[in-house]
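K.L.:
Structure of the sequence below:
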Amino acid sequence: MNFGALDWIIVVVYLSITLLAGLYGKRYISDATDFLLAGRHLGKFIGIATLAATEIGTITFMYYAELGYKTGFSSFVNGLLAGGVMIFLGATGFMIFKLRDLGLTTVPEFFEVKYSRRLRFIAGILVAVGGLLNMGVFLKVEGTFLTIIAGLPLSNLKWTMTVILFLELFYTVLGGMVSVVITDFIQFVMLSLGTCLVTGYVIWTVGWSNMQHAVMTNMGDKGFNPLTNGDYGWAYIIFQILLWMAVDTCWQTTAMRTFATKDPETSKKVFFWTGFIFLGRGMMPMLWGIGALAYFGAGHDSLQAMPEMISRILPSGVLGIVVAGMLAATMSVNSSYLLGWSSVISQDIILPLRRKPLSQDSQVVLNRIVNVCVSLFVLFWGVWYVLPGPVYFYLNITATLFLAGAFSAFIGGLFWKRASTFGAYCALIGGAVGSAAYFFSIPASYAGMSAFSLAAIGMIVGSLAVPNKSRSLEA
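P.N.:
Numbering: from 1, shown residues only. Just a heads-up that it's a prediction; the model follows:
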């Protein structure tokens, strides 16, 4: 292991700068809108940085590297689809333009605007459950990376998880979205530098020809062609397109960036240019995983192979910069997710149960309390839960638990005048039931496709069977 005193100095200095910058954002918090959406003042460049940083974390590099190690160059299909869908949304403004124009604060709020207050409450519960289960594995995966790369024994993993959580919770609870946006910009710069450094070192040290040979030897054609790979295929590709359409429009942490931009046109520009970053976000860490396959050979722990390789091939100094970049990614994603799920719980589950509205100051306090509670759940879930398969598939399905139904309900509410409350209920139920099949040994691609199919059928059939006279949004 090459992690030495210089690396620790780099990491500590970086963390100190980040925490101070995050705390600086506290002075700009005057009400709940400032706390949750930074006053809706995000411009194009800050919007791109914060959206990219929010959805690129250490866990992103870990699960994509795991896919690269297990499925070779075929894994590139995931990065191409993620980036391609975001570029499409930015170019066309499909859904995101209308969503920003509504002036929403949370995703479940849409269900009250279009359907009913009760459905907003139900949607809030489903969003919170899917989001918390999704985020629940972040700390364990991220802690594994940082523990290994710093040369610490894995017996220290729980302490690593706790320290990571405390650091990001500290400034998120105090400064909300303002602090998140400020630190996101700093973290985006460090993350970009670290990503480029690792990619260059992996290709230079391991060798491109060795990486190709390792994939061909261990996987054959299915390591290069996703259509012949049993983990992918057409059903998986269609599922991923639908999933990323839903993630970019209905996933709370992503949607908060849409809601926080200063106008709909800015939202389009933010998504379009961030899409190109998402191409590299996927394929670079997949190369790291392929490099780990060539470096260690098959049979290594698929999740630990990449950080173990990096800890050996990067020199001291460079390793510190990379770890600082990964910490940047970790803190950026987790702080945004903490804020996202706590905002849903407070705004869409707790507040609708009250007969009298809370003051702005009380709403900020409530969000801070929920932030702490969410953090404790994430810590305990990460310690005790055992993943049933690759991290990426687990994250896909826990997100789909809500996203499949929400996507159909959003499209219906935005573009179909006959969309009804009953249809939205059927969509949410169908999406949740289809997603749950994964936990009964159904492959992720089939579980995901069934979730989106059942949700769409539920939305259409339910709306036609039980129409209503609720408010409709202009198409």
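K.L.:
Nearest the middle, which residue of the protein would you pick?
P.N.:
Centroid-nearest residue in the chain: Glu55, 4.6 Å away (criterion: CA atoms, centre = their mean).
K.L.:
mind listing what it touches?
P.N.:
Shown in contact with Glu55 (CB atoms under 8 Å, 6 or more residues apart in numbering): Thr253, Thr254, Phe278, Arg281, Val333. C-beta: built from backbone N, CA, C; applies to glycine.
K.L.:
Between those residues, which sits nearest Val202?
P.N.:
For the contacts of Glu55, the residue nearest Val202 by CB to CB is Arg281; the value is 15.9 Å.
K.L.:
Contacts only, for that closest one.
P.N.:
Residues near Arg281 by CB under 8 Å, 6+ apart: Ala52, Glu55, Ile56, Thr60, Tyr64, Gly79, Ala82, Gly83.
K.L.:
would a markdown table of these with distance to Pro467 be doable?
P.N.:
Listed next are the contacts of Arg281 as a markdown table, based on distance: CB to CB, whole Å:
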| residue | distance to Pro467 |
| --- | --- |
| Ala52 | 42 |
| Glu55 | 37 |
| Ile56 | 43 |
| Thr60 | 42 |
| Tyr64 | 44 |
| Gly79 | 42 |
| Ala82 | 37 |
| Gly83 | 39 |
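K.L.:
List the ones among those that fall in helices.
P.N.:
Judged by DSSP state H, the subset of those located in helices is Ala52, Thr60, Tyr64, Gly79, Ala82, Gly83.
K.L.:
what's the closest of the residues you listed to Ser302?
P.N.:
Lowest distance from Ser302 to the ones in helices among the contacts of Arg281 (CB to CB) belongs to Tyr64, with 11.8 Å.
K.L.:
With Leu157 as the reference, measure out to Leu140.
P.N.:
One thing to correct before we go on: residue 140 is Lys, not Leu. Remark: distance between Lys140 and Leu157 (CB to CB, to the nearest Å) = 7 Å.
K.L.:
So which of the two has more stuff around it?
P.N.:
Using other CB atoms under 10 Å, the more surrounded residue of Lys140 and Leu157 is Lys140, with 24 against 19.
K.L.:
Can you pull out the low-pLDDT segments for the stretch 201-350 of the chain?
P.N.:
By pLDDT under 70, the low-scoring segments of the stretch 201-350 of the chain are 328-329, 332.
K.L.:
switch the cut-off to 90
P.N.:
Scanning the stretch 201-350 of the chain for pLDDT under 90 picks out the ranges 229-236, 250-267, 277-282, 299, 301, 303, 311, 314-350.
K.L.:
Could you report the distance from Gly68 to Leu358?
P.N.:
Counting by CB to CB, the gap from Gly68 to Leu358 is 47 Å.
K.L.:
what do you get for Val129?
P.N.:
Taken as CB to CB, the span from Val129 to Leu358 is 24 Å.
K.L.:
where do the helices sit along the stretch 1-150 of the chain?
P.N.:
Secondary structure of the stretch 1-150 of the chain (DSSP state H, counting those that start in this stretch): helices at 5-24, 32-37, 44-54, 58-71, 76-92, 96-101, 109-114, 117-135, 138-149.
K.L.:
Which of those helices has the highest mean neighbour count?
P.N.:
Mean neighbour counts were taken over the helices of the stretch 1-150 of the chain using mean count of other CB atoms under 10 Å, and the top value, a mean of 28, falls to helix 58-71.
K.L.:
Distance from the chain centre to that one, please.
P.N.:
Taking CA atoms, centre = their mean, to the nearest Å, one finds the center of helix 58-71 at 14 Å from the center of the full chain.
K.L.:
Stretch 385-397: end-to-end distance?
P.N.:
Start-to-end span of stretch 385-397 (CA to CA, to the nearest Å) is 16 Å.
K.L.:
How far off centre is it?
P.N.:
Relative to its chain's centre, stretch 385-397 lies at 14 Å (CA atoms, centre = their mean).
K.L.:
mind listing what's buried in it?
P.N.:
Using 16 or more other CB atoms under 10 Å as the test for burial, stretch 385-397 gives Pro390, Val391, Tyr392, Phe393, Tyr394, Leu395, Asn396, Ile397.
K.L.:
Can you tell me the closest non-neighbouring residue to the third one?
P.N.:
What that stands for is Tyr392. Tyr63 (4.1 Å; CB to CB, 6 or more residues apart in numbering).
K.L.:
who are the neighbours in contact with that neighbour?
P.N.:
Contacts of Tyr63 by CB under 8 Å, 6+ apart are Val141, Pro390, Val391, Tyr392, Leu395.
K.L.:
In a markdown table, list those residues along with pLDDT and distance to Leu303.
P.N.:
Below are the contacts of Tyr63 laid out as a markdown table (pLDDT from 0 to 100; distance: CB to CB, whole Å):
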| residue | pLDDT | distance to Leu303 |
| --- | --- | --- |
| Val141 | 84 | 7 |
| Pro390 | 78 | 9 |
| Val391 | 84 | 7 |
| Tyr392 | 85 | 11 |
| Leu395 | 87 | 13 |
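K.L.:
Going by distance to Ser463, which of those residues wins?
P.N.:
Leu395 (30.3 Å).
K.L.:
does that closest one sit in a helix, a strand or a coil?
P.N.:
State at Leu395, reduced to three classes by DSSP: H, G, I helix; E, B strand; the rest coil: helix.
K.L.:
got a list of what it touches?
P.N.:
Counting by CB under 8 Å, 6+ apart, Leu395 has contacts Ile59, Tyr63, Asn134, Val137.
K.L.:
Ala65 against Pro285, yeah?
P.N.:
Yes: between Ala65 and Pro285 there is a contact under CB atoms under 8 Å: 4.6 Å.
K.L.:
Give the intersection of the neighbour lists for the two.
P.N.:
With CB under 8 Å, 6+ apart as the test, Ala65 and Pro285 both reach Met306.
K.L.:
Sketch out the low-pLDDT regions of the stretch 51-200 of the chain for me.
P.N.:
51-63, 97-109, 112-114, 116-118, 120-197.
K.L.:
again, only using 50
P.N.:
Applying pLDDT under 50 to the stretch 51-200 of the chain flags the ranges 175-177.
K.L.:
returning to that earlier point: need the max-distance pair from the ones in helices among the contacts of Arg281.
P.N.:
Ala52 and Tyr64 (14.8 Å).
K.L.:
For Met284, see how far away Ile313 is.
P.N.:
Ile313 is 15 Å from Met284, by CB to CB.
K.L.:
looking at this, Tyr232 is in a helix?
P.N.:
No: judged by three-state DSSP, Tyr232 forms no part of a helix; its state is coil.
K.L.:
From what I see, it and Ser74 are in contact.
P.N.:
Yes: using CB under 8 Å, Tyr232 makes contact with Ser74 at a distance of 6.0 Å.
K.L.:
Which residues are in contact with each of these two?
P.N.:
Taking CB under 8 Å, 6+ apart as the contact rule, Tyr232 and Ser74 both touch Pro226.
K.L.:
My read is that Asp248 contacts Ile96, right?
P.N.:
Yes: using CB under 8 Å as the test, Asp248 is close enough to Ile96 to be in contact (7.3 Å).
K.L.:
residues shared between the contacts of these two?
P.N.:
With CB under 8 Å, 6+ apart as the test, Asp248 and Ile96 both reach Leu89, Phe271.
K.L.:
Nothing else from me, thank you.
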